[in-house]
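Student: model the structure of this input:
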Amino acid sequence: MWKNKRRGGEYVQALTVTIRLFPDQPDILRHLGKEYICVVNQLTEQAEQHGAFPKMTTKDVDTILPSAVCNQAIRDAKSVFRKIKKLGIRPILKKSVYFVNNQNYTVSDNTVAFPIVVDGKTKKTAFRATMTSRDRKLLSKGKSGLMRIIEKSGKWYAQISVEVPTSVINNENMMGIDLGLKVPAVAVTSTGKTRFFGKGRQNKYIRRKYQQRRRKLGKLKKLTAIRKLGNKEQRWMKDQNHKISRQIVQTAIQEGVSIIKLERLGNIRKTARTSRKNAKNLHSWTFYQLQQFISYKANLVGIKVVEVNPAYTSKSCPACGEKNKARDRKYECLCGFNAHRDRVGAMNIMNQPVADGNSLSA
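Tutor: Next up is the predicted model:
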């Protein structure tokens, strides 16, 4: 995500840092999260009845929330009320959550402190926390924004929005990336570098093992075990996408790439090359997540990421433009050009104009 800042035209990227919390009294956080949502829903309902959101302060709101958090709830209620005018329906928030603005929380190496209510009194309380070295670096380097406290599967997290400054690499070196199942990603650069990323056969084997376990657990009607297995598989897929995206961006840095071109994913399930036995893997693989990981990691080091229309990128000859069908993994053209078919796709993606029609020199 790129946006222009007023201070010297600096580019920044918006990211979310997730910190694991270990509250001694989780029931307090749980109760405050429910109260927060209740306040937002009540205020938007009142505003809807009056046809306008009234001017108010924390004194006008009957709640046990700390005043700083109540102020944030009022701002959130105003935001929800604005959506009523657009949607024509009042959204009702259901998931428990607790927002704290950046002036009212502090983050140290192993604690996160923010205001809560204990025995009827507001107290800024420090909670034990753990974070990765990457997240610690982003917090020290960027500008912290709103913090969200949530509970997920019995675990507590603090999610902090961070704006990280980035520099832009100014040259014409490009990289095209073709995504698939048998080869998760193939990258071709305008400097002539080609690299294959990931192990499609290994991925397919592990995914198949998860599917077999789910079927076995389904016959035994062990629904909780199925959910846990699904979460484990998602974590494994996320880890694979992190590794592949990291390798891709590292290669782009080594080759001096300034722009990475990815295929627009809108129709990937219609255009991707697959067989009937691979259909289930195609519909469940997280292509979008992989693209998001590539984008934010590339933006952090000043490499711009754009989308292109993938139509005919697997059939068009990069040398003469004629359309041919690949046989197995090999692409051949009557003009004499031949290459791995996924490499052909990456080459054509690199040479395609961006999806919104604004051409980029290749």
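
Student: wait, what's in contact with residue 84?
Tutor: 44, 48, 90-91 (C-beta atoms under 8 Å, 6 or more residues apart in numbering). Every C-beta, even on glycine, is put in place using the N, C-alpha and C of the backbone.

Student: out of those, who's the most crowded?
Tutor: Neighbour counts for the contacts of residue 84, by other C-beta atoms under 10 Å, peak at residue 44, which reaches 24 neighbours.

Student: now that residue: which helix or strand?
Tutor: Per DSSP states H and E, residue 44 falls inside helix 26-50.

Student: name the helices or strands packed onto the helix or strand containing residue 262?
Tutor: Element membership for residue 262 (DSSP H and E) is strand 259-263. Strand 259-263 makes packing contacts with strand 174-179, helix 287-300, strand 304-308, helix 341-351 when contacts are defined by 3 or more C-beta pairs under 8 Å, 6 or more residues apart in numbering; DSSP states H and E.

Student: coming back round to it: so which elements touch the helix holding residue 44?
Tutor: Under the contact rule (3+ C-beta pairs under 8 Å, 6+ apart), helix 26-50 is packed against helix 67-87, strand 98-100, strand 111-118, strand 143-152.

Student: how much space between residue 213 and residue 335?
Tutor: With distances taken as C-beta to C-beta, to the nearest Å, residue 213 is found 49 Å from residue 335.

Student: out of the two, which sits in the busier spot?
Tutor: Set residue 213 next to residue 335 and count neighbours by other C-beta under 10 Å: residue 213 wins out with 15 against 12.

Student: got a list of what that one touches?
Tutor: residue 229.

Student: after the helix or strand harbouring it comes which helix or strand?
Tutor: If you go by DSSP H and E, residue 213 is part of helix 200-219. Downstream of helix 200-219, the first helix or strand assigned by DSSP H and E is helix 223-254.

Student: stretch 185-205: end-to-end distance?
Tutor: 17 Å (C-alpha to C-alpha, to the nearest Å).

Student: low-confidence ranges, the stretch 201-350 of the chain, go.
Tutor: 266-285 (pLDDT under 70).

Student: repeat the analysis, applying 80 as the threshold.
Tutor: Residues of the stretch 201-350 of the chain that meet the criterion pLDDT under 80 lie in 203, 210, 219, 226-231, 265-286, 328-329.

Student: now do the stretch 51-200 of the chain
Tutor: In the stretch 51-200 of the chain, residues with pLDDT under 80: 85-88, 166-172.

Student: circling back to that earlier point, tabulate the helices and strands packed on helix 26-50 (JSON lines), appending distance to residue 20.
Tutor: Output for the helices and strands packed on helix 26-50, formatted as JSON lines (distance: least, C-beta to C-beta, whole Å):
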{"stretch": "helix 67-87", "distance to residue 20": "21"}
{"stretch": "strand 98-100", "distance to residue 20": "16"}
{"stretch": "strand 111-118", "distance to residue 20": "10"}
{"stretch": "strand 143-152", "distance to residue 20": "10"}
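
Student: ok, which of those comes nearest residue 350?
Tutor: Residue 350 sits nearest to strand 143-152 of all the helices and strands packed on helix 26-50, at 34.2 Å, using C-beta to C-beta.

Student: tell me which helix or strand residue 13 sits in.
Tutor: strand 11-22.

Student: likewise for residue 339?
Tutor: strand 338-340.

Student: now do that strand: which elements does it pack against?
Tutor: Secondary-structure packing of strand 338-340 (3+ C-beta pairs under 8 Å, 6+ apart): strand 330-332.

Student: buried sites along the strand it packs on?
Tutor: 331-332 (16 or more other C-beta atoms under 10 Å).

Student: list the contacts of that strand.
Tutor: 317, 324, 326, 337-341, 344.

Student: neighbour-wise, which of those residues leads?
Tutor: With neighbours taken as other C-beta under 10 Å, the top of the contacts of strand 330-332 is residue 344, carrying 28 neighbours.

Student: surely that one is in contact with residue 326?
Tutor: Yes. Using C-beta atoms under 8 Å, residue 344 is in contact with residue 326, at 7.3 Å.

Student: returning to what we had before: sheet partners, orientation included, of the strand holding residue 13?
Tutor: Note on strand 11-22: by DSSP bridges, its sheet partners are strand 3-4 (antiparallel), strand 121-130 (antiparallel), strand 155-166 (antiparallel).

Student: how big is the angle separating the longest one from helix 287-300?
Tutor: What it means is strand 155-166. Interaxial angle, strand 155-166 versus helix 287-300 (axes from the mean of the first three to the mean of the last three C-alpha atoms, to 10 degrees): 50 degrees.
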